[in-house]
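Sequence and predicted structure are below.
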Amino acid sequence: MRQPDREGGGKTPARLRTSLRLKLRQRLRDLRSGRAPAHPDKAAADLRASEAMFRGVLAASPDAMIMVNSDGLIVFASDRVTDIFGYVPDELVGKPIDALIPERFRGRHSEHLKAYFRQPKARTMAVGLALWGRRKDTTEFPAEISISPIIVADRYAAIAAVRDVSSRRSLEALQQGAADALRESEERLRYFIKYSPAAIAMLDNELRYIVYSDRWLADYGLVGRDLRGLSHYEVFPEIPDRWRAIHRRALAGETLRADEDSFTRTDGRVQWLRWEVRPWFDAAGKIGGVAFLTEDITDRKRVEAQLLQAQKMEAIGQLTGGVAHDFNNLLTVILGNAAILLDEMKSDDQNRKLVEPILEAAERGAGLTQLMLAFARRQALEPSTFDLNEVVTRMNALLRRTIGENVEVDLRLTKPLWSVTADVRQMETAILNIVLNARDAMPQGGKLTIETSNVDLSKDYAAHNVEVQPGQYVMMALSDTGSGIAPEMLNRIFEPFFTTKPVGKGTGLGLSMVHGFVKQTGGHIQVYSEVGHGTCVKIYLPRAGADATTAVPAPQAPEPAATGVESILVVEDDPHVRSFAVQQLRRLGYQVTEASDGPSALQEVSRSGAPDLLFTDVVMPGGLTGRELAERITQIAPGIRVLFTSGYSENSIDHHGRLDPGVHLLQKPYRSEKLARKVREVLDL
């Protein structure tokens with residue numbers, strides 16, 4: 001049985017309490033029987049010794065011993081009542097026990113006392129009542145009592161041991177307050193960890209989960225699981241040995257961290273992390289386990305990779321655009337002069353066999369440079385607003401002939417479909433290039449599915465994809481069931497001249513052109529592929545404005561070469577291109593002067609006056625661009641007509657391939673009939 005706590009005097013042994021009760025009972029029996037001892041002197045001495053021992057026991061007891069008869073009157077009180085209640089023992093004898101009970105409890109106490117004497121029984125300190133006592137000065141204190149019944153003069157009485165537990169209650173209150181504070185602190189810590197924006201987990205020294213944040217569950221695909229008590233290696237069985245070594249070092253007291261690290265999951269997905277692993281210590285200062293703090297940087301790494309890829313593509317595009325520009329100057333001379341030479345030859349001239357291959361090769365070269373410009377986003381576009389479904393439907397027959405009979409073509413076109421604003425001819429070329437790639441990926445046949453739909457690209461999607469603006473788009477997906485593209489090649493498919501086809505089977509510019517056209521139009525392109533299952537190319541074009549007029553331009557019939565007598569100033573830094581343009585314009589009847597750069601052109605205008613038409617290259621040496629030259633001459637002659645020419649589109653005269661209002665451009669390379677038609681068109685405005 002638990003020994004009661006002592007207040008001030010330590011613990012009272014049970015045998016002392018039992019001895020006290022036995023001696024009290026024996027003395028009362030002797031007094032009641034009136035029996036005299038056989039030897040009075042010895043009896044008196046024994047009585048004095050017994051009383052001395054009795055008083056000693058009472059003095060040693062931390063409790064106030066009080067005897068109460070069945071009428072509720074105090075018949076005995078030990079000296080400890082003075083310390084506990086403030087009364088001299090004799091002051092209490094004859095007083096009702098209620099004098100020691102606070103007034104608010106006296107009514108119930110009287111009822112309890114009567115009930116007790118009807119069925120008296122001992123109540124030990126272990127199961128004693130917790131009551132309140134009242135001191136002589138009317139102050140109150142928490143008390144604990146133990147009651148035992150006793151028979152005195154054939155009547156029941158009760159001996160009560162009363163203990164002041166104020167100090168214990170204060171200590172218990174302090175302990176409870178400390179426990180509550182600790183519990184609240186632990187709850188705050190758990191709350192902080194649970195709702196922390198970082199992925200945090202605390203594990204014991206056997207690497208079993210104690211507490212973890214919601215972000216930990218989200219980052220590692222564990223939402224809804226209760227990890228408490230589970231081993232870290234049960235949750236992540238794929239953990240490699242190097243991570244297990246890190247855990248052992250942390251349990252040995254090391255703090256380890258890494259700004260970037262990869263972790264391959266069981267499904268093969270690579271997860272990038274920034275992490276820190278450190279030991280945590282218990283109250284005794286011993287290592288209680290480890291704490292993990294991690295940040296999933298997979299999205300950041302993906303965006304960084306996209307950004308690097310975009311920067312690489314931009315750098316390649318600038319190089320490609322510059323090369324295409326120079327080639328276009330060369331091709332303008334070759335293509336133009338070969339065409340003139342062929343026109344001047346008779347049909348039976350044997351030299352036609354020499355000139356025709358030159359012309360064909362130049363035209364092929366012009367096609368390649370056009371693809372290079374498309375990739376570099378430097379081509380001049382002729383945008384119109386149209387329904388993509390109508391373009392696909394119109395191309396359906398051509399696509400089926402192109403892809404072959406052993407490939408099934410399935411059109412899944414959403415109606416109604418939003419309109420888009422783009423260069424419809426370039427759109428057709430993009431579709432055809434993708435279809436040709438699909439055909440080559442399915443030599444044994446398969447299925448090509450072309451889908452269209454209206455989609456909203458969210459801010460979250462845009463945040464994970466570089467160069468994507470959130471908003472409404474028209475999506476076209478072209479999916480094949482071909483051989484697919486290996487993951488290591490997927491990031492390179494838009495690079496110019498990169499191809500997975502055998503030598504001689506492709507230029508490597510098809511998808512480059514598609515990528516450049518889509519980006520120049522303000523759109524987005526994604527390629528999904530799995531080896532052995534096929535490839536899906538998704539093109540997203542921005543939805544056209546509400547005020548755009550939908551139309552698909554009809555093919556233009558060739559027109560006869562236009563002539564004229566107006567004056568034209570040709571400004572071109574390449575002497576061969578300038579010579580070709582001057583010759584052709586003079587052949588058409590125009591009065592032509594020429595200059596090699598902007599300052600020379602201004603001198604010519606100052607000397608000879610402003611011409612009817614300024615035909616100028618856009619990018620030139622000498623400190624003046626074609627646009628700046630046109631502005632200077634327009635100030636001198638406000639009514640002058642201006643026609644620009646360039647090997648590639650330039651931001652000074654267009655924005656994303658769309659010419660500024662009132663700006664006219666003749667794209668290089670050009671033949672004499674195209675030059676004649678465009679010059680006449682601008683002069684007639």
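In hand now; what should we look at?

in the stretch 251-400 of the chain, which spans are strands?
Here the stretch 251-400 of the chain has its strands, by DSSP state E, counting those that start in this stretch, at 256-264, 270-281, 287-296, 384-386.

Tell me which of these sits nearest to Ile200.
strand 287-296 (5.5 Å; C-beta to C-beta). Where C-beta positions appear, they are placed from N, C-alpha and C, glycine not excepted.

got the angle for the closest one vs strand 256-264?
For strand 287-296 against strand 256-264, the angle by axes from the mean of the first three to the mean of the last three C-alpha atoms, to 10 degrees is 60 degrees.

Hey, what's the angle from strand 287-296 to strand 270-281? Just curious.
Using the same axes, to 10 degrees: strand 287-296 against strand 270-281 is 150 degrees.

Buried residues, strand 287-296. List them.
Judged by neighbour count using 16 or more other C-beta atoms under 10 Å, the buried positions of strand 287-296 are Gly288, Gly289, Val290, Ala291, Phe292, Leu293, Thr294, Glu295, Asp296.

Lowest mean pLDDT among the helices and strands, pick that one out for the chain.
In the chain, no helix or strand scores lower on mean pLDDT, DSSP states H and E than strand 654-655, which sits at a mean of 50.

Now the residue positioned nearest the centre of the chain: closest residue in space that isn't a chain neighbour?
Centroid check for the chain by C-alpha atoms, centre = their mean gives Asp299 as the closest residue, at 6.7 Å. Closest residue to Asp299 apart from its sequence neighbours, by C-beta to C-beta, 6 or more residues apart in numbering: His464 at 6.0 Å.

And the pLDDT at Leu613?
According to the prediction, Leu613 has pLDDT 93.

give me the number of residues near it?
Counted by other C-beta atoms under 10 Å, the residues lying close to Leu613 total 23.

quick one: the closest residue in space to Lys301 that isn't next to it in sequence from Tyr220, how far?
Using C-beta to C-beta, 6+ apart and skipping residues adjacent in sequence, the residue nearest Lys301 is Trp272, 4.4 Å away. To Tyr220, Trp272 is 13 Å away according to C-beta to C-beta, to the nearest Å.

Over to Arg278?
Distance from Arg278 to Tyr220, by C-beta to C-beta: 19 Å.

So which of those two has more stuff around it?
Tyr220 (21 against 14).

Quick one: residues contacting the closest residue to Asp214 other than its chain neighbours.
Using C-beta to C-beta, 6+ apart and skipping the chain neighbours, the partner closest in space to Asp214 is Lys194 (5.9 Å). Counting by C-beta atoms under 8 Å, 6 or more residues apart in numbering, Lys194 makes contact with Val211, Tyr212, Ser213, Asp214.

Ranking by neighbours, what's the top pick from the residues you listed?
Counting by other C-beta under 10 Å, Tyr212 has the largest number of neighbours within the contacts of Lys194, with 23 neighbours.

So it sits against Gly229, correct?
No: using C-beta atoms under 8 Å, Tyr212 makes no contact with Gly229, being 11.8 Å away.

What residues of the one helix or strand Ile159 maps to count as buried?
Element membership of Ile159, judged by DSSP states H and E, is strand 155-164. Residues Ala157, Ala158, Ile159, Ala160, Ala161, Val162, Arg163, Asp164 are the ones in strand 155-164 that count as buried (16+ other C-beta under 10 Å).

and those residues as CSV, adding pLDDT and distance to Ile239?
Conversion of those to CSV gives the following (pLDDT from 0 to 100; distance: C-beta to C-beta, whole Å):
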residue, pLDDT, distance to Ile239
Ala157, 87, 76
Ala158, 88, 70
Ile159, 87, 70
Ala160, 87, 67
Ala161, 87, 64
Val162, 88, 65
Arg163, 87, 60
Asp164, 87, 61
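
The closest residue to Ile340 other than its chain neighbours: neighbour count?
Nearest non-adjacent residue to Ile340, counting by C-beta to C-beta, 6+ apart: Ser672, 6.0 Å away. The number of residues packed near Ser672 is 21, by other C-beta under 10 Å.

and the gap between Ser672 and Gln583?
For Ser672, the distance to Gln583 equals 9 Å [C-beta to C-beta].

show me where pLDDT drops low in the protein?
1-57, 59-60, 123-130, 306-325, 327, 366-382, 466, 496-510, 547-561, 647-660 (pLDDT under 70).

quick one on the thing from earlier: what's the first helix or strand after the strand holding Ile159?
helix 166-194.

what's the offset of that following helix from the middle of its chain?
37 Å (C-alpha atoms, centre = their mean, to the nearest Å).

What is the subsequent helix or strand relative to that helix?
strand 199-204.

Any idea how far the following helix or strand past that next one is from the middle of the chain?
Later in the chain than strand 199-204, the nearest helix or strand by DSSP H and E is strand 209-212. Its chain's C-alpha centre and that of strand 209-212 lie 22 Å apart, by C-alpha atoms, centre = their mean.

which helices and strands sit right next to strand 209-212?
Helices and strands touching strand 209-212, by 3 or more C-beta pairs under 8 Å, 6 or more residues apart in numbering; DSSP states H and E, are helix 166-194, strand 199-204.

Can you say which of these is packed in most?
Stretch with highest mean neighbour count among the helices and strands packed on strand 209-212: strand 199-204 (a mean of 21; mean count of other C-beta atoms under 10 Å).

so that strand versus strand 287-296, what angle?
Using the same axes, to 10 degrees: strand 199-204 against strand 287-296 is 160 degrees.

in the helix or strand where Ile74 lies, what's buried?
Counting by DSSP H and E, the element that carries Ile74 is strand 74-77. Residues of strand 74-77 classed as buried: Ile74, Phe76, Ala77 (neighbour count, 16+ other C-beta under 10 Å).

Just the residues contacting it, thanks.
The contact list for strand 74-77 (C-beta under 8 Å, 6+ apart) reads 64-69, 87, 89, 92-97, 99, 152, 157.

picking that back up, quick one: residues contacting the residue nearest to Lys301.
Glu260, Asp261, Ser262, Phe263, Asp296, Ile297, Thr298, Arg300, Lys301.

State the distance from the closest residue in space to the fourth one that isn't next to it in sequence to Val605.
Closest residue in space to Phe263, ignoring its immediate chain neighbours: Gln271 at 4.7 Å, by C-beta to C-beta, 6+ apart. The gap separating Gln271 from Val605 is 66 Å, by C-beta to C-beta.

show me what contacts Ala438?
If a contact means C-beta under 8 Å, 6+ apart, then Ala438 has Ile403, Val407, Leu448, Leu478, Asp480, Gly482, Thr535 as its contacts.

For the host helix or strand of the third one, which strands pair with it and how are they oriented?
Assessed by DSSP H and E, Leu448 sits inside strand 446-457. In the sheet, strand 446-457 lines up against strand 407-413 (parallel), strand 471-480 (antiparallel) (DSSP bridges).

and those strands as a markdown table, adding mean neighbour count and distance to Leu666?
As requested, the strands paired with strand 446-457 are exported to a markdown table (neighbours: other C-beta atoms under 10 Å; distance: least, C-beta to C-beta, whole Å):
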| stretch | mean neighbour count | distance to Leu666 |
| --- | --- | --- |
| strand 407-413 | 15 | 37 |
| strand 471-480 | 20 | 31 |
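
Can you convert the ones you listed into a markdown table and add a column each for distance to Ile358?
Putting the strands paired with strand 446-457 into a markdown table (distance: least, C-beta to C-beta, whole Å) gives the following:
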| stretch | distance to Ile358 |
| --- | --- |
| strand 407-413 | 37 |
| strand 471-480 | 37 |
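
for the ones you listed, which one sits closest to Leu354?
Distance to Leu354, taken as C-beta to C-beta, is lowest for strand 407-413 among those, at 40.7 Å.

Contacts for that closest one, please.
389, 392-393, 396, 399-400, 403, 438-439, 442, 445-452.

repeat that with 7 Å
For strand 407-413, contacts defined as C-beta atoms under 7 Å, 6 or more residues apart in numbering pick out 389, 392, 396, 399-400, 403, 439, 442, 445-452.

and the residues you listed, which two are the farthest apart?
Farthest pair in the contacts of strand 407-413, by C-beta to C-beta: Asn389 and Gly445, 26.3 Å.

So for those two, which residue has more residues nearby?
Counted by other C-beta under 10 Å, Asn389 and Gly445 do not tie: Asn389 has more neighbours, with 18 against 13.

Sweet, I'm off.
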